[in-house]
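[1] Turn this into a structure:
(2 chains)
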Amino acid sequence: MIRIDGVEVIYPNGYQALKGISLEIPKGQFVVIVGLSGAGKSTLIRTINNLVVPCKGEVWVGGRSITRARGAELRKMRAGIGMIFQTYNLVKRTTVLRNVLSGRLGSANPVGSLLGIFSKSDLLIAHACLQRVGIPEKAYVRADALSGGQQQRVGIARALAQQPQVMLADEPVASLDPPTANAVMSDLKRITREDGITTLVNLHFIDMARNYADRIIGMRAGEVVFDGTPDAATDQVFTEIYGRSLDKQKDLLGQTN
Amino acid sequence: MTGSPPALPQPPLLPRLIGIGSWAIFLALLFTSIHFTNFSLQTLAQGIPDFFAFFGKMWPLDWRALPEIGQPLLETLQIAYLGTLFGAILAIPLIFLGSRNTTVNPLVMWGVRGCLTLVRSIPDLLYAAICVGIFSFGPLPGVMAIVIFTASVLAKLGSETVEAIDPGPLEALQAVGAGRIHQIIYGVVPQVAATMASYVLYIFEINVRASTVLGFVGAGGIGQLLRTYLSFFDYRSTAVLLLIVFGVVLLIDAVSSYARSKLI
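    Modelled structure (predicted):
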């Protein structure tokens, strides 16, 4: 479904974020990417919808190169790839429904949507997506009136409204409290599984990675340092990924070794 | 035991020099300006009796001027209204072309910004005078001057507002596969609409005041009448006119301020 082929990214300030990544992700897999901040997780995920353009290598989605796609073709490919963000990235001063409907912009009638007019089927899709994330009653509420967990559900609904084959999630629960984070993660897992969506999630929490992932990819300093099943991802492996031991006591106290 | 006490860390030299230099420039400008404009508190004090004498000439108010004032006053407000409306519409494309995060390319952005800076460097009364030269006397050149002023100021304020938005929603819309115009309408407009509406109302307040003097250069409105009164030394009618303008401007400012407070 997704093939990442020798991708390198160097930012304009000279920082090399990705040092030649090659990965193959089959359809329907739920992949969790772990690693320290700055390891290149966000960059990697953004090369899959070409928000970050690799300076070397290529990314293939559904057999087509998104790296080389331009203009209308790129927009059409992006319409098939949903994305969820740590800070939700909702338009806060507008309604939940309008936020979800914006997920249809890649495929809706361009002239109608310019004037805020959507077809009956677009509206049905939007309401159905809110139903699936469990907040159908919030459709006409302003987005900034919702709690963090509810805002992220709107974010998921917006991505679902695209009816995507691929879902990218960049630290989707990092701003949420642990119980809400778990609820949102299990919703994401359940829905993407039901629809057979190939999903890549960046996560900070090791326990959560083990609980939800079909496959864990560990990144460190722009390179893949682990790629395997949750069972294979032992504490020893995480020590390697994070470059230090996982002393629970010290982590809780915020101390470093 | 060590001999000398530890040296205190010295504050860096450059900031101190800049501080001293700023004060020197400030004082130099103050004294040269006073010298060359012949500014003197003494002359100012000597003028106080004349000041009261001038107001004495305004008394008693000549209320016969009242019916003359209505029509030009209305025209003044219409000039301000039309000028603000057309100026705001003209500003919309300039705002997005002149903002770093929404422009089509950097060259266009700098082009738009450069032109706007050039346009803003000329005061609106001068535009009115130029437009009178082009379109001859009447309210039309007045409207044109207000349009130019409104568009150039609003485009500047608008670009700053657009550049300060949360970039998250824009990124999300880009990821969704939305085109550039859709990104602006769905990601930027909802974030800036209230602020922009408030700016438009504020500029309308400024424009009402500005259009009262447009008539001095023949660009329509109540300024023309004011100039007539003044040139005939008819201070008693002038006073009535100023009172009415004062009342109307105050009223519009109050209503507009209230509306703005409700917007944000």
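[2] Ramachandran angles for residue A:139?
    Main-chain torsions, residue A:139, degrees, to the nearest 10: phi -50, psi -40.
[3] tell me the phi and psi of the nearest residue to it once chain neighbours are set aside?
    Nearest residue to residue A:139, sequence neighbours excluded (CB to CB, 6 or more residues apart in numbering or on different chains): residue A:97, at 4.3 Å. (Each C-beta comes from the backbone N, C-alpha and C, glycine too.) Phi and psi for residue A:97, reported as degrees, to the nearest 10, are phi -60, psi -40.
[4] Equivalent analysis for the one 10 residues further on, please.
    When read as degrees, to the nearest 10, the backbone of residue A:107 gives phi -130, psi -10.
[5] got the buried residues for the helix or strand containing residue B:152?
    Element membership for residue B:152, per DSSP states H and E: helix B:139-163. Residues of helix B:139-163 classed as buried by neighbour count (16 or more other CB atoms under 10 Å in any protein chain shown): B:139-159, B:161-162.
[6] does chain A sit close to the helix or strand just after that helix?
    Next along the chain after helix B:139-163, taking DSSP H and E as the criterion, comes helix B:168-176. Yes - Helix B:168-176 lies within reach of chain A by CB under 8 Å from any CB of the partner chain, at B:168-169, B:171-176.
[7] which helices and strands does helix B:168-176 pack with?
    helix A:71-79, strand A:81-84, helix A:148-161, helix B:180-183 (3 or more CB pairs under 8 Å, 6 or more residues apart in numbering or on different chains; DSSP states H and E).
[8] Just want the residue of chain B that's nearest chain A.
    Closest approach between chain B and chain A, counting by CB to the nearest CB: residue B:177, at 2.9 Å.
[9] circling back: tell me the most buried of the helices and strands packed on helix B:168-176?
    Most buried of the helices and strands packed on helix B:168-176, by mean neighbour count (mean count of other CB atoms under 10 Å in any protein chain shown): strand A:81-84, with a mean of 27.
[10] picking up where we left off before, residue contacts, the residue nearest to residue A:139?
    Contact partners of residue A:97, counting by CB atoms under 8 Å, 6 or more residues apart in numbering or on different chains, are A:126-127, A:130, A:139-140.
[11] Could you do residue A:96 as well?
    A:130, A:135, A:138-143, A:146, A:154.
[12] that older thread, let's have the helices and strands packed on helix B:168-176 in CSV, adding distance to residue B:15.
    As requested, these are exported to CSV (distance: least, CB to CB, whole Å):
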stretch, distance to residue B:15
helix A:71-79, 49
strand A:81-84, 46
helix A:148-161, 43
helix B:180-183, 43
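[13] So for residue A:48, which of the ones you listed sits nearest?
    strand A:81-84 (6.8 Å; CB to CB).
[14] Residues of chain B that sit close to chain A?
    Residues of chain B lying near chain A (CB under 8 Å from any CB): B:166, B:168-169, B:171-179, B:181-182, B:185-187, B:190-191, B:193-194.
[15] which among those end up buried?
    Buried, going by 16+ other CB under 10 Å: B:168-169, B:171-179, B:182, B:185-187, B:190-191, out of these.
[16] How far does the longest helix along chain A sit from its chain's centre?
    Assignment by DSSP state H gives helix A:178-195 as the longest helix of chain A. Between the centre of helix A:178-195 and the centre of its chain there are 12 Å (CA atoms, centre = their mean, to the nearest Å).
[17] Output the following helix or strand past it as PDB, restricted to C-alpha atoms.
    Next helix or strand after helix A:178-195 toward the C-terminus (DSSP H and E): strand A:198-203. Output of strand A:198-203 as PDB, limited to C-alpha atoms (Å, rounded to 0.1, in the frame of the first residue of the first chain):
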ATOM      1  CA  THR A 198      -3.700   1.500   6.500                       C
ATOM      2  CA  THR A 199      -2.700   3.500   9.500                       C
ATOM      3  CA  LEU A 200       0.600   5.100  10.700                       C
ATOM      4  CA  VAL A 201       0.600   6.600  14.200                       C
ATOM      5  CA  ASN A 202       3.400   8.500  15.900                       C
ATOM      6  CA  LEU A 203       3.300   7.900  19.600                       C
END
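[18] ok, residue B:19 - how many residues close by?
    10 (other CB atoms under 10 Å in any protein chain shown).
[19] Kindly report the same for residue B:205.
    Neighbour number of residue B:205 under other CB under 10 Å is 19.
[20] That one contacts residue B:252, correct?
    Yes - between residue B:205 and residue B:252 there is a contact under CB atoms under 8 Å: 6.4 Å.
[21] Reformat the helices and strands packed on helix B:168-176 as CSV; add mean pLDDT.
    Putting the helices and strands packed on helix B:168-176 into CSV (pLDDT from 0 to 100) gives the following:
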stretch, mean pLDDT
helix A:71-79, 94
strand A:81-84, 96
helix A:148-161, 95
helix B:180-183, 92
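[22] Which among the ones you listed is found nearest to residue A:112?
    Among these, helix B:180-183 sits nearest to residue A:112 (CB to CB), with 11.1 Å.
[23] and residue A:54, what does it touch?
    Residue A:54 sits next to A:7-9, A:18, A:47, A:67 when contact means CB under 8 Å, 6+ apart.
[24] re the thing from before, now the residue of chain B closest to chain A, nearest residue through space, not along the chain?
    Nearest to residue B:177 is residue A:106, by CB to CB, 6+ apart, at 2.9 Å.
[25] any idea what the one you found is structurally, helix, strand or coil?
    Here residue A:106 is recorded as coil under DSSP: H, G, I helix; E, B strand; the rest coil.
[26] Tell me the backbone dihedrals of it, please.
    Dihedral angles (degrees, to the nearest 10) for residue A:106: phi -70, psi -20.
[27] For the residue of the stretch 51-200 of chain A found nearest chain B, give its distance to residue A:74.
    Proximity of the stretch 51-200 of chain A to chain B (CB to the nearest CB) peaks at residue A:106, 2.9 Å away. The spacing between residue A:106 and residue A:74, counted by CB to CB, to the nearest Å, is 10 Å.
[28] Can you get me a residue count around residue A:221?
    15.
[29] Confirm for me that it is in contact with residue A:39.
    Yes - if you go by CB under 8 Å, residue A:221 and residue A:39 touch, sitting 6.4 Å apart.
[30] which bits of the stretch 151-257 of chain A sit near chain B?
    Counting by CB under 8 Å from any CB, the residues of the stretch 151-257 of chain A near chain B are A:155, A:158, A:162, A:168.
[31] Name the residues that touch the least confident helix or strand in chain B by mean pLDDT?
    Each helix and strand of chain B was given a mean pLDDT (mean pLDDT, DSSP states H and E); the minimum falls on helix B:48-57 at a mean of 85. With CB under 8 Å, 6+ apart as the test, helix B:48-57 has contacts from B:233, B:235-236.
[32] what does stretch A:216-223 give?
    With CB under 8 Å, 6+ apart, stretch A:216-223 has contacts from A:9, A:16-21, A:23, A:31-36, A:39-41, A:44, A:209-210, A:224-230, A:232-233, A:237-238, A:240-243.
[33] And those residues, which of them are buried?
    By 16+ other CB under 10 Å, those give A:9, A:17-18, A:20-21, A:23, A:31-35, A:39-41, A:44, A:209-210, A:224-227, A:233, A:237-238, A:241-242 as buried.
[34] low-confidence ranges in chain B?
    B:1-3, B:264 (pLDDT under 70).
[35] which one's the longest helix in it?
    Max-length helix for chain B by DSSP H is helix B:66-97.
[36] Find residues that contact each of residue A:106 and residue A:74.
    The contact sets of residue A:106 and residue A:74 overlap at residue B:177 (CB under 8 Å, 6+ apart).
[37] coming back round to it: pull the distance from the longest helix of chain B to the chain's centre.
    14 Å.
[38] just stretch B:183-200 next, same as before
    For stretch B:183-200, the distance to the chain centre is 21 Å (CA atoms, centre = their mean).
[39] give the contact list for residue B:224.
    Counting by CB under 8 Å, 6+ apart, residue B:224 has contacts B:72, B:215-216, B:218.
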